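[1] no FASTA, just this:
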């Protein structure tokens, strides 16, 4: 079972460059979300989606864009990378229901120099 | 705004001890709460999920409790082993698929 797949695993960008972090899930989950994790901290929500065509901002959305054209994919775009965006990025998916857990990808480690 | 706090930030114990990790949350209308384990440089591994209607969940040597009235959850680890060394994160999940995480407790179990 693939679960939640994130690509790439590692990336180095120069300040001002743009890139897209990919996230795909094969569990037909309605909900998908992006988080960032900085050293010594928990995860903070960037953007989330409750279904194809629907997205909304989380706690730290500035500098990031998302779209959800299919149920399976939820890419995160960095428009103009800044050193403050150096972090580990996690994608998650889940379905509605109190008994359902959130599934996380293995993360993308991004360094902006 | 939902907030999740984990205390202590770090914990070091000798092998074999039973230990408790704490998680506090501010949202009394919690949907469910999930405990994760994270090894250095790795992703999140789900350990236990407690629905808002439940009081506790158990998996092997792990037991997680939920007290909505006090806004607290605890993760109990019995007979700790060096392989339990990791960072433990708790997350409050909403019914819209969003999670609010604590900053984690880093556990070291010494042989």
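    Looks like it came in fine. Predicted model, so just to flag it, every value in this text is computed and none were measured.
[2] Let me see the contact set for the one residue in chain B that gets nearest to chain A.
    Proximity of chain B to chain A (C-beta to the nearest C-beta) peaks at residue B:97, 2.7 Å away. Just so you know, the C-beta spots here come from the backbone N, C-alpha and C atoms, and that holds for glycine as well. Listed by C-beta atoms under 8 Å, 6 or more residues apart in numbering or on different chains, the contact set of residue B:97 reads A:30, A:31, A:32, A:33, A:48, A:49, A:50, A:92, A:93, A:94, A:96, A:102.
[3] export those to a markdown table and tack on secondary structure and distance to residue B:12?
    Below are these laid out as a markdown table (DSSP: H, G, I helix; E, B strand; the rest coil; distance: C-beta to C-beta, whole Å):
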| residue | secondary structure | distance to residue B:12 |
| --- | --- | --- |
| A:30 | coil | 41 |
| A:31 | strand | 37 |
| A:32 | strand | 37 |
| A:33 | strand | 33 |
| A:48 | strand | 36 |
| A:49 | strand | 40 |
| A:50 | strand | 41 |
| A:92 | strand | 30 |
| A:93 | strand | 35 |
| A:94 | strand | 33 |
| A:96 | coil | 40 |
| A:102 | coil | 29 |
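[4] List only buried entries from those residues.
    The neighbour count (16 or more other C-beta atoms under 10 Å in any protein chain shown) marks A:30, A:31, A:32, A:33, A:48, A:49, A:50, A:92, A:93, A:94, A:102 as buried among these.
[5] So in terms of bridging, what pairs with the residue lying closest to the fifth one once chain neighbours are set aside?
    Among residues not flanking residue A:48 along the chain, residue A:33 sits closest, at 3.8 Å (C-beta to C-beta, 6 or more residues apart in numbering or on different chains). On the basis of DSSP bridges, residue A:33 takes part in beta bridges with residue A:48, residue A:92.
[6] So for residue A:33, what's the pLDDT?
    For residue A:33, the pLDDT comes out at 96.
[7] That one and residue A:47 touch, don't they?
    Yes. Counting by C-beta atoms under 8 Å, residue A:33 touches residue A:47, with 7.0 Å between them.
[8] which parts of chain A sit against chain B?
    Near chain B, the residues belonging to chain A are A:30-33, A:35, A:40-45, A:48-50, A:58, A:90, A:92-94, A:96, A:98-107 when assessed by C-beta under 8 Å from any C-beta of the partner chain.
[9] what's residue B:15 in contact with, if anything?
    Residue B:15 is in contact with B:80, B:81, B:82, B:109, B:110, B:111, counting by C-beta under 8 Å, 6+ apart.
[10] residue nearest the centroid of chain A?
    residue A:34 (3.0 Å; C-alpha atoms, centre = their mean).
[11] which sections of chain B are below the confidence cut-off?
    Low-confidence segments of chain B, defined by pLDDT under 70, are absent.
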